[in-house]
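In: no sequence for this one, just the structure:
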């Protein structure tokens, strides 16, 4: 049985640039355990779909072609390590644009669901931010938080994730145990 998992990109798959954006392939760095986590998901019939805000395009810091090139290369690297990415959905708008697909709004998730025909209740969203959790909450999708923070603060979040883990690899292990 295929299962779907929605993944934020920056901070889950690759290193987030605090206060900035990954604008070229040279700035893209996989987080420890990310490639192995994606391989484990693929080996267990999970269908990873990336749902990510990428406002660097809307701010003119990179072009849509730059983002497409980063995406092409990171997917190739994932596949070279035995993983797969079933789809990629980006919102390239700025916060001020008030776009319905920019997380925490659920548009990206709804677009992925429309294209891939899965149930949010049977899927998981793996993210690293409050906006990821709010988007998951809006569609009734269980969430996993990738965070180095202790789980003691989870009750303070607006939509508590099922678990907080330090990496995508740990999130994949949680999903495989919960199967």
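Out: Structure received. Since the model is a prediction, treat every value here as computed from it, not as a measurement.
In: Check which helices and strands the helix-or-strand element of the chain with minimal mean pLDDT sits against.
Out: One helix or strand of the chain scores below all others by mean pLDDT, DSSP states H and E: strand 163-165, with a mean of 92. Judged by 3 or more C-beta pairs under 8 Å, 6 or more residues apart in numbering; DSSP states H and E, the packing partners of strand 163-165 are strand 143-146, helix 168-178. Every C-beta, even on glycine, is put in place using the N, C-alpha and C of the backbone.
In: List the buried residues of the longest one.
Out: The one in question is helix 168-178. With burial defined by 16 or more other C-beta atoms under 10 Å, the residues of helix 168-178 counted as buried are 168, 169, 170, 171, 172, 173, 175.
In: and residue 72, how many neighbours does it have?
Out: Close neighbours of residue 72, defined as other C-beta atoms under 10 Å, add up to 12.
In: now it: how far from residue 35?
Out: 16 Å (C-beta to C-beta, to the nearest Å).
In: Can I get the buried residues of helix 168-178 in JSON lines including pLDDT?
Out: Formatted as JSON lines, the buried residues of helix 168-178 follow (pLDDT from 0 to 100):
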{"residue": "168", "pLDDT": "98"}
{"residue": "169", "pLDDT": "98"}
{"residue": "170", "pLDDT": "97"}
{"residue": "171", "pLDDT": "98"}
{"residue": "172", "pLDDT": "98"}
{"residue": "173", "pLDDT": "97"}
{"residue": "175", "pLDDT": "97"}
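In: Show me which of those is closest to residue 22.
Out: Residue 22 has its nearest neighbour among those in residue 168, at 16.1 Å by C-beta to C-beta.
In: Excluding chain neighbours, what is closest to the closest one?
Out: residue 37 (3.7 Å; C-beta to C-beta, 6 or more residues apart in numbering).
In: that older thread, residue 122: which of the helices and strands packed on strand 163-165 is closest?
Out: Of all these, helix 168-178 sits nearest to residue 122, with 11.8 Å by C-beta to C-beta.
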